[in-house]
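[1] sharing a model that was predicted from the sequence below.
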Amino acid sequence: MSKQPKYRQVADALRREIDNGTYPPGARLPSESELSARFDASRNTVRSGLGLLVTQGLVTSSQGLGYEVAKHEVFELNASRFEDLSFPQNGDAYSTDVTNAGRRPHQTFRVEIHPAPDDVAERLKVEPGSRTVLRFCHRFVDDVPWSTQATYYPSWLVEEAPRLAEPGDIEQGTTRYLAEHGTEQVGYFDEISTRMPTPDEARRLEIGAGVPVLLWMRTGYSDQRPIRCTVTTFRGDLNRMNYEIGDQAGRENEPQ
């Protein structure tokens, strides 16, 4: 006999059935009364088990509609190619990657003068609180919130590339725009971490309970100094990031 509390037994059984496809993404779970009869448990116990699955991001609940298995249409981002100017692009890197995956990109913009946060100032090698231009994007894939992206540019760079401070999209992407104006990004340093979302992030990205965010901080460099710091916040349940390093020919070989 299991030593786990009954509500955990309920949650574990349903989790296994979600994992093996008995209840696929978007499927509605049986009602609380049906599950109560199946597991010989009170409705409060069943509700606690279902609540655990909600906090883990596996199911969603809505008043009067019961519980539904969460839909996870994962988007795969190749971080090695992102912003790589040697790859053909149709607009900026985000629009290109989403379109090439057969999906629909959409983004909104906000541009403002902003004092550099301490962590950004450290990476841009400027004084904390010094003037930067913040370009903020709220991005969607197939009308589903995908990420937010906050890019900070030092004030000296804006003098050389004034469109950075103008509202609206830079159609070819800022990396190409800067290269066209004499400031080429020759390298970058990535930092990747996870945490639970802030209330504002949960609202913007429509994140359910128990779903973390993936934070991707990329500092871009010219051959002389840092030129930008970008903080991208992804929904943890809808994104997968990969890198390609070195010779990848072996991936194409057939098994022997």
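    Great, that's in hand.

[2] from here on, just use CA atoms for contacts and neighbour counts.
    Will do.

[3] quick one: contacts for Gln185?
    Thr175, Leu178, Ala179, Gly220, Tyr221, Ser222, Asp223, Ile227 (C-alpha atoms under 8 Å, 6 or more residues apart in numbering).

[4] how about a cut-off of 10 Å?
    83-85, 175-176, 178-179, 219-228 (C-alpha atoms under 10 Å, 6 or more residues apart in numbering).

[5] try Val69
    Taking C-alpha under 10 Å, 6+ apart, we find Val69 in contact with 15, 18, 23-29, 53-54, 57-61.

[6] which single one of the residues you listed is nearest to Leu157?
    Distance ranking of the contacts of Val69 against Leu157, using C-alpha to C-alpha, places Gly57 first at 41.8 Å.

[7] show me where the stretch 1-150 of the chain has strands.
    In the stretch 1-150 of the chain, the segments counted as strands under DSSP state E, counting those that start in this stretch are 59-62, 66-69, 75-78, 105-115, 131-141, 144-154.

[8] need the least confident one among those, by mean pLDDT.
    Among the strands of the stretch 1-150 of the chain, strand 75-78 has the lowest mean pLDDT, at a mean of 80.

[9] sorry, back to before: hmm, which of the contacts of Val69 is lowest in pLDDT?
    For the contacts of Val69, the weakest pLDDT value sits at Gly57, with 72.

[10] quickly list the domain ranges of this protein.
    6-69, 75-242 (automatic domain parsing).

[11] mind putting the ones you listed into CSV with distance to Glu252?
    As requested, these are exported to CSV (distance: least, C-alpha to C-alpha, whole Å):
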stretch, distance to Glu252
domain 6-69, 29
domain 75-242, 17
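
[12] so which of these is nearest Arg251?
    Comparing those under C-alpha to C-alpha, the one sitting nearest is domain 75-242, at 14.3 Å.

[13] sec struct for Glu244, please.
    Secondary structure, DSSP: H, G, I helix; E, B strand; the rest coil: Glu244 is coil.

[14] hang on, it packs against Phe82?
    No - the criterion here is C-alpha atoms under 10 Å, and Glu244 misses it with Phe82 at 11.1 Å.

[15] who has more neighbours, those two?
    Taking other C-alpha atoms under 10 Å, Glu244 and Phe82 do not tie; Phe82 has more neighbours (15 against 10).

[16] how many neighbours does the closest residue to the more buried one other than its chain neighbours have?
    Nearest in space to Phe82, with sequence neighbours left out and distances taken as C-alpha to C-alpha, 6 or more residues apart in numbering, is Ala93 at 5.8 Å. Per other C-alpha under 10 Å, the neighbour tally for Ala93 reads 22.

[17] now do Arg204
    Arg204 has 15 neighbours, counted by other C-alpha under 10 Å.

[18] pLDDT at Tyr221, what is it?
    95.

[19] please apply the same query to Ser80.
    If you check Ser80, the pLDDT there is 78.

[20] how close does it sit to Ile170?
    22 Å (C-alpha to C-alpha, to the nearest Å).

[21] now do Arg38
    Distance, Arg38 to Ile170, by C-alpha to C-alpha: 57 Å.

[22] more neighbours: the two, which one.
    Neighbour tally, Arg38 and Ile170, criterion other C-alpha under 10 Å: the higher count belongs to Ile170, 15 against 11.
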